[in-house]
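> I'd like to go over a predicted model; first the sequence, then the structure.
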Amino acid sequence: EPEVTQTPSHQVTQMGQEVILRCVPISNHLYFYWYRQILGQKVEFLVSFYNNEISEKSEIFDDQFSVERPDGSNFTLKIRSTKLEDSAMYFCASKGDRAGSPLHFGNGTRLTVT
Amino acid sequence: SQQGEEDPQALSIQEGENATMNCSYKTSINNLQWYRQNSGRGLVHLILIRSNEREKHSGRLRVTLDTSKKSSSLLITASRAADTASYFCATEGNRDDKIIFGKGTRLHILP
């Protein structure tokens, strides 16, 4: 069964550095998402992406964050000037249709900012 | 916010018993979904119920939806040790591309 894959599985970075988290969604999916989860707690919506542009974003997704689909397969989340509080699990998800179809998640990237 | 809120936050039951988790939300929805997360892993979709449906079954899972009360429940029957995980409800609105998750219920099945 097709999977969403995320790389790297773990990323350690120093405060103030930029990181890029990578995701390969399921190939025929059209809607892409990034979520964040701190310490196994609440799963927070960051951004949704469709037709090569952001369709929705949360208050968390400020100018520090950006997303890109640089080619037909990858979907990336860039975090500029990382802060300690950006430490979290970041999950990518994709789905095929707009409404009424489930999200398929990757296994996440654990980001640690020191 | 359409965010779902699950209760209880944590639940421990004996293997073989039924587990019930509840979810409440605030705004109108297109559908409500339940996901499972094993520790440190991605979320896995379990079941989706549309706003015009009241009950849905899938194997040992039973989901109900009451749109008048803006609430849903997930029942896992005949629980097994392998059901130990966190369970999240998620709501999808009618007009946007957000799928918003609740805080989850940590379910622990005791052998």
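Now that the structure is in, tell me what you want to look at.
> got the end-to-end distance for stretch B:30-46?
With Cα to Cα, to the nearest Å as the measure, the ends of stretch B:30-46 fall 17 Å from one another.
> output the below-cut-off pLDDT ranges for chain B.
Applying pLDDT under 70 to chain B flags residues B:1-4.
> and with 90 instead?
For chain B, applying pLDDT under 90 flags the ranges B:1-8, B:27, B:39-41, B:93-98, B:102-103, B:111.
> ok, chain A next?
A:1-2, A:39-41, A:51, A:70-73, A:96-101.
> what do you get if the cut-off is 70, keeping everything else the same?
When the per-residue scores of chain A are filtered using pLDDT under 70, the ranges that remain are A:1.
> enumerate the beta-bridge partners assigned to the residue nearest to A:Ser9 when sequence neighbours are not counted.
Using Cβ to Cβ, 6 or more residues apart in numbering or on different chains and skipping residues adjacent in sequence, the residue nearest A:Ser9 is A:Thr109, 6.4 Å away. Backbone N, C-alpha and C define where each C-beta goes, glycine included. Taking DSSP bridges, one finds A:Tyr90 as the beta-bridge partners of A:Thr109.
> A:Thr109: how many residues sit nearby?
Close neighbours of A:Thr109, defined as other Cβ atoms under 10 Å in any protein chain shown, add up to 21.
> what's the distance between it and A:Glu59?
Between A:Thr109 and A:Glu59 the computed distance is 22 Å (Cβ to Cβ, to the nearest Å).
> cool, and B:Gly59?
Distance, B:Gly59 to A:Glu59, using Cβ to Cβ: 38 Å.
> next: B:Asn38.
29 Å.
> which one of these two has more residues nearby?
Between B:Asn38 and A:Glu59, counting by other Cβ under 10 Å, B:Asn38 is the more crowded of the two (12 against 8).
> excluding its backbone neighbours, what's nearest the more buried one?
Leaving out its chain neighbours, B:Asn38 is closest to B:Ala85 (Cβ to Cβ, 6+ apart), at 5.1 Å.
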